[in-house]
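Novice: Structure here, sequence nowhere to be found:
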């Protein structure tokens, strides 16, 4: 070869997913999809590349800085999407008349941000969003909470807490305190409460929102309220009394909690938490954060909320909605830490070693028969020593090996080896492999 | 709002996928995944962005021209992947020692090419590749054919034909004709046989490969051979007699056809076709193309082949392999034309209209009970007139509506409406909804 070899490597902040990482990742994505779909959320997709004017200035200053942008061969300025919310807004503005409302969509797709390099932050990652658009009904907020609950139950979590709040409560208090016009800055400060503590939050409110110390103190008073959901509701009522917005917010929180209970999510997993605000300006009603009880410090693994107007940058049609987003990478890291991830590098549980060179056709027939029963089977692709192939089976995490050579095929038997326990059994080998299938199913069912 | 509104639109050559398009698309992707996995192919993923030096000059002149490339914020030249083969080569070179061989992977992911705009060509599209790396064994070629066969059967096709050939046969003939050093140009010309006919292929061979008219004639003679697989094999043998490569090629074709038959793909779906060559230089053995009998003119919907050295640009380790790629967009267009695609815009078959405002909790409970049985259920998110909600159910393609108001809940019944036939039935409504579930399953099972 004339060309110089090129060192194979990925860009900083980008990752290859090898099978052992990709298999649990896909399983998690599949679970999210299945749960979203079971509530009637439809899949959509949008281009990775959009006109830059669609993307730039639509997120935060930070996402603007992180935008991958360039001129394409036709001289158009384009960018890689940095989230799925801006594309959804553009998509909804463009297609909502065709789609009709209510419109429920999920979108699981890759996004790109040229983040500063730091541990655990990637420049390419996946988002898993679901939203209900075109309704202000509390039923949609209830359903969003139920989806989150179902999602974590289906993934396999027992102990997790969905924290809910309603921005209207704080808005009501700010109205009473004459701070309504500075709500965004107050919220941004308040959102840091868990991270930086009440004193520094108060300082920030005074500095950026121009609050008095007393006003900041009252806002922090609200954020301090805790107890059972009913306790919190009782304490909120006097704080917002006189503010229509605030009272409506408390009313919606009650409806939300009652609805969620009726829908099957038990009280201990849904916590009214007045300290969460979610800094993003566009949330206007219910807000959600989800914490794993075993790992609260990793932060929220599923967050979202209600907004009044999704697509105002692209259409005059008002599109209220509510939704949430699963933090896939963070959750996978947590599941790894909690030992919830099985380490396998094969999606098929059964290996048929190919050690008798003359018997390829028999191996293929056996594989086809077992596969027809719905069990994945790999035939080792070249004749090699059995021991070598069993090592391969072990390394990849195959659960079962079906071992047969000339003797076995002559006598219509097959040895079934449980790769986890090492147990072996001889089973009759019929043309439809019915005995083999039954034995394999028993082993797979037990694990 | 102070900002000017931005017209919502996508870039030329890029598409939004609305639910009605996305649902069948995902179903097809899921089928491909399921089949690939059932043979032990593991999922992997690689970054959308790679160092430009990894991508540029690794495909054809055409893909080079079509590459989306730019300098990132750190001044690095980067590009968007234009296929999944170059990333696989880079990936394999980088990780093969960790992965071990044989390594079987599938990769279903988006690629980008700045193609000239023409009907049915997109600048962003999905590829669905699977490959077995690290073995020269014919068993892997057999399995690749079986995967293609299984894939189309599972998608729902009955009449399709997998055309197979082996490049060594033609290479053998070229050796005999003293044209071995001009093989690439001969192959590129021959690959156009179906499109431009034998005369223009001969002209191209003479012009680009410097063949004599007689040599070109002999090559075309080979490409003309047809008949049953056995007929073709019989006619090939004398043509390659004396060439070791050619005889080995015929031998491997025999082994391939025998193996594929043993593995369960019937003869009528596997056709030895000496006219296919697949222009890509890197194929060196078996080549595949797949045609739908009902729509042969759309071209191959699944193609691939065997190569001697996947990753020579990135590593000195020789990595032979074999694989194929499903033409997702082309196949979806074909399935649409063949009326194989159900038009629905919801992934959930059941809608519960929410028309009795006071009964939200009852609707939520009913939905949870039905959903727990594995059936997807949407609760309409806001109280509206029943008629309006049934129109919505109809437009979205819900299969069943579960209708209950105050009277029904009082008397513990539920009306089940089959949205396709219009049939209605009243069913007892228990707490676990067991009668409702049974009735819904019957309707879903019948469709």
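Specialist: Alright, I've got the coordinates. Predicted model, so just to flag it, every value in this text is computed and none were measured. Residues are numbered from 1 along each chain as shown, chains lettered A, B, ... in the order given.
Novice: what's near enough to touch residue A:32?
Specialist: A:106, A:108, A:128, A:151, A:326, A:328 (Cβ atoms under 8 Å, 6 or more residues apart in numbering or on different chains). The way it works is simple: take the backbone N, C-alpha and C, and place the C-beta from them, glycine included.
Novice: For ChimeraX, what selects the buried ones among those?
Specialist: In ChimeraX, this line selects whichever of those come out buried by 16 or more other Cβ atoms under 10 Å in any protein chain shown:
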select /A:106,108,128,151,326,328
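Novice: now the contacts of residue A:32 in CSV, with secondary structure, distance to residue A:255 and pLDDT?
Specialist: Formatted as CSV, the contacts of residue A:32 follow (DSSP: H, G, I helix; E, B strand; the rest coil; distance: Cβ to Cβ, whole Å; pLDDT from 0 to 100):
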residue, secondary structure, distance to residue A:255, pLDDT
A:106, strand, 24, 98
A:108, strand, 30, 98
A:128, strand, 27, 98
A:151, helix, 22, 98
A:326, strand, 25, 97
A:328, helix, 30, 95
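Novice: Out of the contacts of residue A:32, the closest to chain B would be?
Specialist: Closest approach between those and chain B, by Cβ to the nearest Cβ: residue A:106, at 9.0 Å.
Novice: who does the closest one bridge with?
Specialist: residue A:43, residue A:130 (DSSP bridges).
Novice: cool, and the one 5 residues further on?
Specialist: Note on residue A:111: beta-bridge partners by DSSP bridges are residue A:125.
Novice: show me the contacts for it.
Specialist: By Cβ under 8 Å, 6+ apart, the neighbours of residue A:111 are A:80, A:81, A:82, A:83, A:84, A:124, A:125, A:126, A:127.
Novice: Okay, helices next: where are they in the stretch 251-400 of chain A?
Specialist: Remark: helices assigned in the stretch 251-400 of chain A by DSSP state H, counting those that start in this stretch are A:328-337, A:360-372, A:386-396.
Novice: most tightly surrounded among these?
Specialist: Of all those, helix A:360-372 has the most neighbours on average by mean count of other Cβ atoms under 10 Å in any protein chain shown, namely a mean of 21.
Novice: Who does the spatially most central residue of chain A form a beta bridge with?
Specialist: Geometric centre of chain A, nearest residue: residue A:326, 2.7 Å, by Cα atoms, centre = their mean. Under DSSP bridges, the beta-bridge partners of residue A:326 are residue A:128, residue A:302.
Novice: That one reaches residue A:147, doesn't it?
Specialist: No. Assessed by Cβ atoms under 8 Å, residue A:326 is found out of contact with residue A:147, at 9.8 Å.
Novice: so where's chain A shaky on pLDDT?
Specialist: Within chain A, the ranges that satisfy pLDDT under 70 run A:1-3, A:119, A:279-280, A:447.
Novice: tally of neighbours for residue A:380?
Specialist: A total of 24 residues lie near residue A:380 under the criterion other Cβ atoms under 10 Å in any protein chain shown.
Novice: any idea how far it lies from residue A:410?
Specialist: 21 Å (Cβ to Cβ, to the nearest Å).
Novice: Check residue A:281 too.
Specialist: For residue A:281 relative to residue A:410 (Cβ to Cβ), the value is 76 Å.
Novice: and what of residue A:256?
Specialist: 69 Å.
Novice: Domain map for chain A?
Specialist: Per automatic domain parsing, the structural domains of chain A span A:17-159+A:293-343, A:165-267, A:350-446.
Novice: so of those domains, which one's packed in deepest?
Specialist: domain A:17-159+A:293-343 (a mean of 20).
Novice: end-to-end on that domain?
Specialist: By Cα to Cα, to the nearest Å, the extent of domain A:17-159+A:293-343 from end to end equals 14 Å.
Novice: I'd like to know which residues of the stretch 101-250 of chain A are adjacent to chain B.
Specialist: A:102, A:104-105, A:110, A:112, A:114, A:124, A:132, A:135-137, A:139-140, A:142-143, A:146 (Cβ under 8 Å from any Cβ of the partner chain).
Novice: please redo it, this time with the cut-off set to 6 Å
Specialist: Within the stretch 101-250 of chain A, the positions near chain B by Cβ under 6 Å from any Cβ of the partner chain are A:102, A:114, A:124, A:132, A:135, A:137, A:139, A:140.
Novice: sec struct for the fifth one, please.
Specialist: Three-state call for residue A:135 (DSSP: H, G, I helix; E, B strand; the rest coil): coil.
Novice: What residue in the stretch 101-250 of chain A comes nearest to chain B?
Specialist: Proximity to chain B, evaluated over the stretch 101-250 of chain A using Cβ to the nearest Cβ, is greatest for residue A:137 at 3.6 Å.
Novice: tell me the phi and psi of that residue?
Specialist: When quoted as degrees, to the nearest 10, the phi and psi of residue A:137 stand at phi -60, psi 140.
Novice: What residues does it make contact with?
Specialist: B:381, B:382 (Cβ atoms under 6 Å, 6 or more residues apart in numbering or on different chains).
Novice: what do you get if the cut-off is 10 Å, keeping everything else the same?
Specialist: Neighbouring residues of residue A:137 by Cβ atoms under 10 Å, 6 or more residues apart in numbering or on different chains: A:102, A:143, A:255, A:320, A:322, B:354, B:360, B:380, B:381, B:382, B:383, B:384.
Novice: For the first one, grab phi and psi.
Specialist: Spelled out, that is residue A:102. Dihedral angles (degrees, to the nearest 10) for residue A:102: phi -70, psi 150.
Novice: I figured it hits residue B:346, correct?
Specialist: No. The pair residue A:102 / residue B:346 is not scored as a contact, 11.5 Å apart, by Cβ atoms under 10 Å.
Novice: which neighbours do the two share?
Specialist: In contact with both residue A:102 and residue B:346: A:40, B:378, B:392, using Cβ under 10 Å, 6+ apart.
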